[in-house]
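Enquirer: Sequence and predicted structure are below.
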Amino acid sequence: MQFMNTGAVLRSLKPAWLCPVVLGLVAALQHTALAQEAVHFICVAAAGADTGYVHAIGAVPDGALIGAREGLFLARETAGKIGVGKVGAGPAGDADTGRVLAIQAFAGGALVGAENGLFVARETNGTIAVARAGDAATGPVHVMHDLASAGVLVGSENGLFLARDVDRKVTVAPAGDAPIGRVYHMMEWPGGGVLVAVAKEWFFARAAGGNVTVEAAGEVDTGPVLAVHDFRPGTKLIRATAGLFVAREEGGKVTVRPGSTPVSGEIGALHELPGLGMLVHAEKGWFVARPTSDGAFATRIDGPDTQRQRVFQMKTLAGSGVLIQDRNTWYLARVADGKVTFAPVADVEITDRVHAMGDWPGGGVLIGADKGLFLAHEANGKVTIEPADGTDTGHVWLIRPLRGGGILIGSRKGWFVARHTGGRLALTPAGQADAGRVNHTRDLNDAVLIGGERGLFVAASSPAPDCGGR
């Protein structure tokens with residue numbers, strides 16, 4: 001947009017009362033021009049490094065560390081561009097990590113948990129070096145968790161360890177005296193501490209006075225943990241393959257035990273009902289779980305006949321209730337006067353299988369499904385699920401907010417950015433890069449790193465609306 005004739009326009013407008021109007025018009029035009037110049041489209045493209053299948057992405061100072069089939073890589077932004085390079089071995093250690101399973105920020109660098117043990121990655125003179133961390137026989141490292149200022153808890157095939165940094169030297173030693181086998185899961189506890197799950201037991205690790213204590217938290221076989229929900233202060237509800245469990249703290253001791261509920265059959269899904277409790281769908285019907293002095297108690301409620309049906313999704317529809325998808329129907333659950341009611345919204349046939357859901361800033365929920373991108377929202381007291389845009393996205397499998405605004409959509413027919421424009425949802429193409437199945441995403445400044453089965457990709461701003469097939 002040009003402003004070459006602005007002076008002539010002003011000279012031709014003699015009446016003084018017109019001057020403020022024209023000046024306002026010129027300012028608006030200039031603002032529009034600046035805004036247009038500042039517009040950047042999003043492009044998803046290969047990161048330019050042959051990483052192979054990406055297993056993990058973790059933070060390091062001013063960048064991100066990527067664990068992939070072809071080794072460790074470092075991603076950093078320089079002059080507005082994301083660069084990715086392979087990380088070499090440190091001169092003092094063995095960097096044969098094998099498959100990387102976890103990455104955890106640590107003392108100016110990162111701990112790398114891998115099938116060949118525990119390693120540390122640090123920058124020296126502008127170069128990232130990777131060396132073995134300590135000499136403890138951890139075996140394959142599966143999970144890690146920061147433990148306040150005490151160090152990092154390392155959960156491995158051979159038990160629970162604590163990694164510390166002392167004058168740039170890493171020490172790794174067993175955490176506590178409790179005999180612990182393979183660690184499967186770690187969960188942060190409010191107020192400090194970490195819950196640790198092993199085969200048929202739980203433990204609680206806490207740092208106090210410079211020491212780390214590990215205490216038994218219950219001999220209970222939850223099986224793999226599927227989801228953890230905040231239930232009330234000091235209490236969490238755990239949905240696991242073996243049922244419903246409650247983790248709670250009383251008198252400074254944390255325990256995990258089965259919920260004192262009449263819920264029977266496999267637990268399919270849980271979702272919070274604000275002010276009421278937790279909505280539970282199980283093999284035998286619908287329940288509301290409420291906190292009690294010894295954990296939780298579930299009350300059966302009337303709901304859709306979902307016996308022999310599986311509930312696949314539950315998601316809050318802000319200001320409306322909880323959106324629910326079972327095998328045949330979408331429902332909305334509302335709470336009024338302490339009672340839960342269910343109303344059908346749409347047949348599942350319109351979406352088919354759902355792979356991703358996310359909040360829509362314009363009000364509603366974005367649904368990524370086999371049949372494309374949909375928007376669930378309420379208007380004039382009616383909840384509807386409709387195609388989100390006229391664009392044919394095909395199967396949608398990723399919905400992720402972007403720091404710079406908009407929501408990244410990954411689909412079978414390419415990448416898109418969804419934005420709230422003029423009161424409606426609009427999709428802008430963002431390239432055709434094929435990442436395959438996406439395992440990890442991570443923000444890096446205003447860009448997003450995307451780790452998939454076909455390597456590492458980057459979603460970043462581009463000055464042009466078309467980034468082609470890169």
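Expert: Done, it's in.

Enquirer: Now do the same contact list for Ala56.
Expert: By Cβ atoms under 8 Å, 6 or more residues apart in numbering, the contact list for Ala56 reads Ile66, Gly67, Val100, Leu101, Ala102, Ile103, His440, Gly451. Bear in mind the C-beta positions are built from the backbone N, C-alpha and C, glycine included.

Enquirer: Quick check: PyMOL command selecting the buried ones in those.
Expert: In PyMOL, this line selects whichever of these come out buried by 16 or more other Cβ atoms under 10 Å:
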select buried, resi 66+67+100+101+102+103+440+451
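
Enquirer: From the contacts of Ala56, which land in strands?
Expert: Ile66, Gly67, Val100, Leu101, Ala102, Ile103, His440, Gly451 (DSSP state E).

Enquirer: of all these, which comes closest to Gln325?
Expert: Gln325 lies nearest to His440 out of the ones in strands among the contacts of Ala56, by Cβ to Cβ, at 25.3 Å.

Enquirer: export the contacts of Ala56 to CSV and tack on distance to Gly83 and pLDDT?
Expert: Shown next, in CSV, are the contacts of Ala56 (distance: Cβ to Cβ, whole Å; pLDDT from 0 to 100):
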residue, distance to Gly83, pLDDT
Ile66, 12, 93
Gly67, 18, 91
Val100, 20, 88
Leu101, 25, 89
Ala102, 24, 91
Ile103, 19, 93
His440, 19, 94
Gly451, 16, 95
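
Enquirer: ok, the host helix or strand of Thr171: who's next to it in the sheet?
Expert: For Thr171, the host element (DSSP states H and E) is strand 169-174. Counting by DSSP bridges, the strands paired with strand 169-174 are strand 159-166 (antiparallel).

Enquirer: in the partner strand, what counts as buried?
Expert: Gly159, Leu160, Phe161, Leu162, Ala163, Arg164, Asp165.

Enquirer: what does the average pLDDT come to for it?
Expert: Averaged over strand 159-166, pLDDT sits at 92.

Enquirer: Which residues does that strand contact?
Expert: Contacts of strand 159-166 (Cβ under 8 Å, 6+ apart): 106-107, 111, 118, 133-134, 136, 138, 147, 150-154, 170-176, 178-183, 196, 203, 205, 212, 214.

Enquirer: of those residues, buried ones?
Expert: For the contacts of strand 159-166, a neighbour count by 16+ other Cβ under 10 Å gives the buried set as 106-107, 111, 118, 133-134, 136, 138, 147, 150-154, 170, 172, 174-176, 178, 180, 183, 196, 203, 205, 212, 214.

Enquirer: Any idea what Ala459 is bridged to?
Expert: Val44, Val448.

Enquirer: quick one: it from Leu375, how far?
Expert: Distance of Ala459 to Leu375, given as Cβ to Cβ, to the nearest Å: 21 Å.

Enquirer: Repeat that for Ala369.
Expert: Using Cβ to Cβ, we find Ala369 at a distance of 11 Å from Leu375.

Enquirer: Neighbour count: those two, which is higher?
Expert: Ala369 (23 against 20; other Cβ atoms under 10 Å).

Enquirer: Specify the next element, helix or strand, located C-terminal of the strand holding Thr171.
Expert: Tracing the chain C-terminally past strand 169-174 and defining elements by DSSP H and E, one meets strand 185-188 next.
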